[in-house]
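Undergrad: Structure for the following, please:
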Amino acid sequence: MIKKTIGVGVIWNQQGQILIDRRRPTGVFGGFWEFPGGKIETGETSEECIKREIWEELGIVIEVGKHLITIAHTYAHLNVTLIVHHCQHIDGVPQPIECDEIRWVNLEELDEFNFPEANFQIIAALRQAG
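TA: Numbering: from 1, shown residues only. Prediction:
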């Protein structure tokens, strides 16, 4: 079974909205929405990973803030550990470089989007923190 450790950013803007992106239709979880991030490389901290991945995937500068939650989840084909941090949007307009679509949404709107199962724990943690 494949194991991945992923740095995930819950990116907030000045209006209190959260940035989500929709995965491309091909590949694992194609077409699902997600909180942006990516695989933590060897020797990289979760904070460094999130900052790098957000720049590579969305072309924006963020400040990585406090840790929100760490989730270990097993899918049929994948063991994933998500290390999730609050982030603040600093500069740049988000671009769909590595995804199909980007949206700024309110916390209440997250239920309207189709997320992979592990993400439900992130949404629950955000609601508790909020």
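
Undergrad: so residue 69 sits right up against residue 84, yeah?
TA: Yes: counting by C-beta atoms under 8 Å, residue 84 is a contact partner of residue 69 at 5.0 Å. Heads up, the C-betas are built off the backbone N, CA and C, glycines and all.

Undergrad: Neighbour count for these two, which is higher?
TA: Using other C-beta atoms under 10 Å as the criterion, residue 69 and residue 84 rank with residue 84 on top: 25 against 17.

Undergrad: Which of the helices or strands spans the more buried one?
TA: For residue 84, the host element (DSSP states H and E) is strand 78-91.

Undergrad: partners of that strand, with directions?
TA: Strand pairing for strand 78-91, determined by DSSP bridges: strand 2-12 (parallel), strand 61-74 (antiparallel).

Undergrad: what's the most buried one of those?
TA: strand 2-12 (a mean of 20; mean count of other C-beta atoms under 10 Å).

Undergrad: what sits up against the following helix or strand past that strand?
TA: From strand 2-12 onward toward the C-terminus, using DSSP H and E, the following helix or strand is strand 18-22. Strand 18-22 is contacted from outside by 10-13, 31-36, 57-58, 89, 94, 96, 99-107, 110, 113, 126, using C-beta atoms under 8 Å, 6 or more residues apart in numbering.

Undergrad: Drop anything exposed from those.
TA: The neighbour count (16 or more other C-beta atoms under 10 Å) marks 10-12, 32-36, 57-58, 89, 94, 99, 102, 104, 107, 110, 126 as buried among these.
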